[in-house]
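Chemist: Fold the following and give me the result.
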Amino acid sequence: MRDARPLVDALREPASVEALDSSQWTELISMARAESLIGSLAHRVKDLALPDGVRAVLQDAVEAHDLARQQALWEADCARRALADYPGKVVLMKGTAYVAANLVAGLGRSIGDLDIMVARDDLPVVEAALLDAGWEWVKPDPYDDRYYRDHMHELPPLIHRERDRMIDVHHTILPLTAKPRPDAEAILDSAVRLDNGLYVLAPADMVLHSIAHLFADGDMAGWLRNLWDINLLLQHFSKVNDSFWSELASRALTHGLGNELASAIRLAVRLYAMPAPDLRAGRSEVVDSFYVRRLLARDGYGRETRKWTRFAFYVRSHWLRMPPMMLARHLWTKWRKGGKPTK
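Modeler: Sure thing, here's the model as predicted:
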């Protein structure tokens, strides 16, 4: 397999896997694991006639996801209890939010750190409560600590000393140095309360959060999974709300993410055949093809390919986060310290 196209095809049209031989299955599973999509793939093809060995591997993936789901919800509840005296909203984000809200995007979705969002003015209170509850700093370096607090959209990451689980505390959805400036206050105001007292982002903001990191922040490493999230979220919310597309477009303008939204929809249509409004106006086939080339940069062994394309997006990710002089100073500082650039 030259790239990750067979994985995309399997997610889009699960029946396509029935024609695979054993070596193709090995490659497909390697790709899915590398892209953190093995759980999603397992759920997509579980009702098909599969080779016994493949079914066993995919069943293991389903069981691993079920355990990760329980752990994620438990960790969210630990944070809720640690912040029980905090009067503001504690908003779950990313994979934990998907499973907590019982969204289809959470089915088989890999879940890493716990991500939450609170009001920026409340960060000292939230930080102190988490430290008292057993979390401690992952990045004790003074430069990294100051960089996060002055320029990033979150506190430096914390890890619990007993459970070894990380938490990222956000106060907005993009670095403060990024060109788009999402309205964090509006995001918190619109958050949806769950039965346990925690919150999740409102539907449009949930979609735009994933889109923001894909197109306005990251280098797209591992983001084939995130485009799959976007695809599932868009399909779900547009089915349950007839006015969702117009609400999403309006919200994107509020957050300065109109171009990123259009790009995400075009790529979801192109790779996953997602039903969506016609966005051909202003479309750039060259730019979209460049994104697709990066998204599919994975071979049949699960290894990353297309070194220069990946490097271009790595440079792009830092260029998007900060002005040229600040970027040069940051990279120089990190190089002198012998570390990798802070995200």
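
Chemist: what ranges do the helices span in the stretch 201-343 of the chain?
Modeler: 203-215, 224-240, 244-255, 258-272, 285-295, 307-321, 324-336 (DSSP state H, counting those that start in this stretch).

Chemist: ditto for the stretch 51-200 of the chain
Modeler: Ranges of helices within the stretch 51-200 of the chain are 52-82, 94-100, 123-132, 142-151, 184-190, based on DSSP H, counting those that start in this stretch.

Chemist: tell me which residues in the longest one are buried?
Modeler: Neighbour-count burial for helix 52-82, with 16 or more other Cβ atoms under 10 Å as criterion, is recorded at 54, 57-58, 61-62, 65, 68-69, 72-73, 75-76, 78-80, 82. From N, CA and C alone the C-beta is placed, and that goes for glycine too.

Chemist: Could I get the average pLDDT for stretch 163-180?
Modeler: For stretch 163-180, mean pLDDT rounds to 90.

Chemist: If you could redo that for stretch 113-132, that was the one I meant.
Modeler: In this model, stretch 113-132 has an average pLDDT of 96.

Chemist: Which one, of the helices of the stretch 51-200 of the chain, ends up nearest to residue 240?
Modeler: Nearest to residue 240, of all these, is helix 94-100, at 15.0 Å by Cβ to Cβ.

Chemist: Out of the helices of the stretch 201-343 of the chain, flag the one nearest residue 8.
Modeler: Residue 8 lies closest, by Cβ to Cβ, to one member of the helices of the stretch 201-343 of the chain: helix 258-272, at 5.1 Å.

Chemist: just the angle between that closest one and helix 285-295, please?
Modeler: Per axes from the mean of the first three to the mean of the last three Cα atoms, to 10 degrees, the angle that helix 258-272 makes with helix 285-295 is 60 degrees.

Chemist: Pull out the buried residues from stretch 235-242.
Modeler: Buried, per 16+ other Cβ under 10 Å, within stretch 235-242: 235-238.

Chemist: gap between it and the chain center?
Modeler: 20 Å (Cα atoms, centre = their mean, to the nearest Å).

Chemist: For it, which outside residues touch it?
Modeler: With contact meaning Cβ atoms under 8 Å, 6 or more residues apart in numbering, stretch 235-242 is reached by 103-105, 203-204, 207, 244-245, 247-248, 274-276.

Chemist: Would you mark the buried spots in stretch 160-177?
Modeler: By neighbour count on 16+ other Cβ under 10 Å, the buried set for stretch 160-177 is 160, 165-175, 177.

Chemist: Could you measure from residue 134 over to residue 80?
Modeler: Residue 134 sits 14 Å away from residue 80, going by Cβ to Cβ, to the nearest Å.
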